[in-house]
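>>> Compute the structure for the input listed below.
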Amino acid sequence: MKDYDLLIAAHVVDRLLSLRKAERALLRAHFDEIRRAPGNFSDYTERDEVGRDLDINLFGKHAIIFWCDAADKHVKILNLVPSDRPR
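Numbering: from 1, shown residues only. Have a look, this model is predicted:
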């Protein structure tokens, strides 16, 4: 089975670039894990404004919001925000 392609929103890339190199590398590696098996990384879901189910993965102090577009075989990282989890 073919892995999904990974698409990252431009504002997420900007946020990544503002982080320290080590943290950026950890997140990038985690994005790659999500790309390989997106169904394994959904801690919870919420609906966007058009009714799509978005997956949220809690990773350290970050919440990664992504959408798995199975028809196109894309995982789209839509946002990276602070999580509500204790650090």
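>>> From here on, just use CA atoms for contacts and neighbour counts.
Will do.
>>> what residues does the top helix by length along the chain touch?
Longest helix in the chain by number of residues (criterion: DSSP state H): helix 21-36. Under the contact criterion CA atoms under 8 Å, 6 or more residues apart in numbering, helix 21-36 has outside partners 3-6, 16-17, 40-41, 74-75.
>>> Turn those residues into TSV, including distance to residue 29, neighbour count and secondary structure.
Output for these, formatted as TSV (distance: CA to CA, whole Å; neighbours: other CA atoms under 10 Å; DSSP: H, G, I helix; E, B strand; the rest coil):
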residue	distance to residue 29	neighbour count	secondary structure
3	15	14	coil
4	15	20	coil
5	14	15	strand
6	12	16	strand
16	12	17	helix
17	15	11	helix
40	15	10	helix
41	13	19	coil
74	17	17	strand
75	14	24	strand
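>>> Go through the residues you listed and say which is closest to residue 59.
Set against residue 59, the nearest of the contacts of helix 21-36 by CA to CA is residue 41 (9.6 Å).
>>> Tell me who's in contact with that closest one.
Applying CA under 8 Å, 6+ apart, the residues near residue 41 are 34, 55-57.
>>> picking up where we left off before, turn the contacts of helix 21-36 into JSON lines, columns for pLDDT.
JSON lines is the format used below for the contacts of helix 21-36 (pLDDT from 0 to 100):
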{"residue": "3", "pLDDT": "84"}
{"residue": "4", "pLDDT": "94"}
{"residue": "5", "pLDDT": "96"}
{"residue": "6", "pLDDT": "97"}
{"residue": "16", "pLDDT": "96"}
{"residue": "17", "pLDDT": "96"}
{"residue": "40", "pLDDT": "95"}
{"residue": "41", "pLDDT": "96"}
{"residue": "74", "pLDDT": "96"}
{"residue": "75", "pLDDT": "97"}
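>>> Lovely, talk soon.
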